[in-house]
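# how would this look folded up:
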Amino acid sequence: MRILVTGGAGMVGSHTAEYFAKKKWKVVVLDNLSRSKLFKAHHQSVEYNWRYLGRFRNVERIRGDVRRERDVRCALGRGVDVVLHAASQPGVGFSIQNPTEDFMINTQGTLTVLESLRKISPKAAFLFCSTNKVYGENVGKIPLVEGKLRYRFRGVKGVNETFPADLAGHTPYGVSKYAADLYTQEYGYLYGMKTAVFRMSCVYGTRQFGFEDQGWVAHFVIRSLLKRSLTIYGNGKQVRDVLYVSDLMRAYEQFIERGKGPEVFNIGGGPRQTTSLLEFVSLLEGKLRTKIRIRFEEWRPSDQKVYISDTSKVEKKLHWKASVPFEEGLERLIAWVEENRGLLR
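Purely as a prediction, here's the structure:
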């Protein structure tokens with residue numbers, strides 16, 4: 001089996017590459033290594049994962065851009081069995097400041113990969129990393145109950161795939177990802193390709209270089225271990241479901257093996273694995289035995305007060321369930337950050 005992983009030096013992409021490399025697949029990784037620059041980071045992030053993947057003999061690394069057809073065709077070569085499309089611009093704040101570049105990376109890039117795959121390997125499976133942001137501010141229409149440390153949905157366990165995405169604010173990031181999401185579905189319906197959209201909630205894990213604008217679980221851990229203050233936008237009661245990255249890999253594999261497509265799956269930790277920001281800070285303080293300094297700022301545009309994935313569909317269709325408890329996954333992440341303090345300073 002041969003798989004192309006776009007954005008293969010990111011957290012999700014690099015774990016996908018490693019997962020299938022260990023299964024003896026031929027893995028091709030395509031990445032332009034732009035993430036550190038996009039987030040103006042003084043330390044390296046995707047560069048670390050790029051070097052990490054160099055340890056696998058069956059992983060071929062190609063430096064290229066999904067917006068350039070020649071780069072995508074080079075990575076596809078004579079054909080592949082699977083494409084995991086993780087390449088993206090993942091920051092909401094960046095998209096607000098740079099909506100054109102956000103569109104070019106997220107929407108045009110996805111269309112370029114889809115069209116190249118259709119011409120070279122039309123029978124291959126195409127898995128797209130989408131986001132809960134496609135539902136935009138419609139999620140805010142679900143009634144909430146406000147508690148001391150968190151908001152809760154009233155009368156709803158989570159958001160399923162039939163939830164409306166139109167007539168709501170999304171931010172340019174949500175719009176560009178939703179357009180790519182729709183293109184992925186359409187290539188399944190119109191051209192008969194085996195496509196799947198995974199609308200991901202908060203995925204976290206080792207080798208995640210979290211920034212304030214993206215990867216908040218790792219960002220909180222990194223800042224706390226380095227004894228730096230955290231900024232919380234809003235009141236900290238906002239809630240997300242969280243999923244350890246290895247569980248996401250199993251879902252990908254299940255679709256590749258048994259899925260038919262076109263499909264759309266909401267995926268995350270689901271109602272059983274949720275946390276508010278305030279609860280997470282308290283959990284971190286206990287594990288790190290330290291007091292974390294927090295400052296509060298105004299809510300950010302289109303920030304969902306609660307987002308919890310209804311994972312019923314992916315559990316039923318792919319015979320999948322999240323298996324890594326949040327505290328266990330968090331301990332793995334903390335251990336990795338502690339081992340790499342020097343890199344993260």
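# is it true that Phe56 lies in a helix?
No - counting by DSSP: H, G, I helix; E, B strand; the rest coil, Phe56 is not part of a helix but coil.
# sec struct for Val197, please.
On the basis of three-state DSSP, Val197 is classed as strand.
# my read: it touches Tyr183, true?
No - counting by C-beta atoms under 8 Å, Val197 does not reach Tyr183; the two are 9.8 Å apart. (Each C-beta comes from the backbone N, C-alpha and C, glycine too.)
# out of the two, which sits in the busier spot?
Val197 (29 against 20; other C-beta atoms under 10 Å).
# buried residues, the longest helix along the chain. List them.
Determined from DSSP state H, the single longest helix within the chain is helix 171-191. Of all the residues in helix 171-191, those buried under the rule 16 or more other C-beta atoms under 10 Å are 171-185, 187-188.
# could you do stretch 118-136 as well?
For stretch 118-136, burial by neighbour count (16+ other C-beta under 10 Å) applies to 118, 121, 124-136.
# where do the helices sit along the stretch 151-300 of the chain?
In the stretch 151-300 of the chain, helices defined by DSSP state H, counting those that start in this stretch lie at 171-191, 216-225, 245-258, 277-288, listed in chain order.
# closest one to Gly342 among those?
Nearest of the helices of the stretch 151-300 of the chain to Gly342, taken as C-beta to C-beta: helix 216-225 at 11.9 Å.
# per-residue pLDDT, Phe126?
What the model reports as pLDDT for Phe126 is 98.
# for it, list each beta-bridge partner.
Beta bridges link Phe126 to Val83, Thr195 when assigned by DSSP bridges.
# ok, it - contacts?
Phe126 makes contacts with 82-83, 85, 113-114, 117, 184, 187, 193-196, 261, as judged by C-beta atoms under 8 Å, 6 or more residues apart in numbering.
# so for the residues you listed, which is the shakiest by pLDDT?
Comparing the contacts of Phe126 by pLDDT, Gly261 comes last, at 86.
# next, count neighbours for the closest residue to Leu284 other than its chain neighbours.
Nearest residue to Leu284 in three dimensions, chain neighbours excluded: Ser224, at 5.3 Å (C-beta to C-beta, 6 or more residues apart in numbering). Neighbour count of Ser224, defined by other C-beta under 10 Å: 22.
# just to revisit the earlier point, in helices only, show me the buried residues of stretch 118-136.
Cross-referencing those against helices under DSSP H gives Arg118.
# so which helix or strand takes in Arg61?
Here Arg61, judged by DSSP states H and E, is contained in strand 59-63.
# meant to ask about Arg51
For Arg51, the host element (DSSP H and E) is helix 46-53.
# about what we covered before: for Ser312, find the nearest of the helices of the stretch 151-300 of the chain.
Nearest of these (C-beta to C-beta): helix 245-258, 13.6 Å.
# which of the residues in that closest one are buried?
Quick answer for helix 245-258 (16+ other C-beta under 10 Å): 245-253, 255-256.
# now the one helix or strand in the chain whose mean pLDDT sits lowest: buried residues?
Within the chain, no helix or strand scores below helix 35-38, which has a mean of 75 by mean pLDDT, DSSP states H and E. Within helix 35-38, the residues that qualify as buried are 35-36, 38, counting by 16+ other C-beta under 10 Å.
# quick check, nearest of the residues you listed to Trp320?
Arg35 (28.1 Å).
# apart from its chain neighbours, what residue comes closest to that closest one?
Val46 is the one closest to Arg35 (C-beta to C-beta, 6+ apart), at 4.6 Å.
# could you double-check that the one you found sits in contact with Ala9?
Yes - counting by C-beta under 8 Å, Val46 touches Ala9, with 3.8 Å between them.
# of the two, who's got more company?
Counted by other C-beta under 10 Å, Val46 and Ala9 do not tie: Ala9 has more neighbours, with 29 against 25.
# who touches that one in this structure?
If you count contacts by C-beta under 8 Å, 6+ apart, then Ala9 has 29, 31, 33, 35, 46-47, 49-50, 53 around it.
# phi, psi of it?
phi -100, psi 0 (degrees, to the nearest 10).
# and what of His319?
Taking degrees, to the nearest 10 as the convention, His319 sits at phi 50, psi 50.
# picking that back up, dump the buried residues of helix 35-38 into CSV; add distance to Arg332 as well.
Putting the buried residues of helix 35-38 into CSV (distance: C-beta to C-beta, whole Å) gives the following:
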residue, distance to Arg332
Arg35, 22
Ser36, 23
Leu38, 26
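# in CSV: the helices of the stretch 151-300 of the chain, plus distance to Gly210.
CSV is the format used below for those (distance: least, C-beta to C-beta, whole Å):
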stretch, distance to Gly210
helix 171-191, 16
helix 216-225, 3
helix 245-258, 13
helix 277-288, 12
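# right, and those - which one's nearest Ile105?
helix 171-191 (7.6 Å).
# just checking, what packs against that closest one?
helix 92-97, helix 99-103, helix 109-120, strand 125-131, strand 194-200, strand 263-267 (3 or more C-beta pairs under 8 Å, 6 or more residues apart in numbering; DSSP states H and E).
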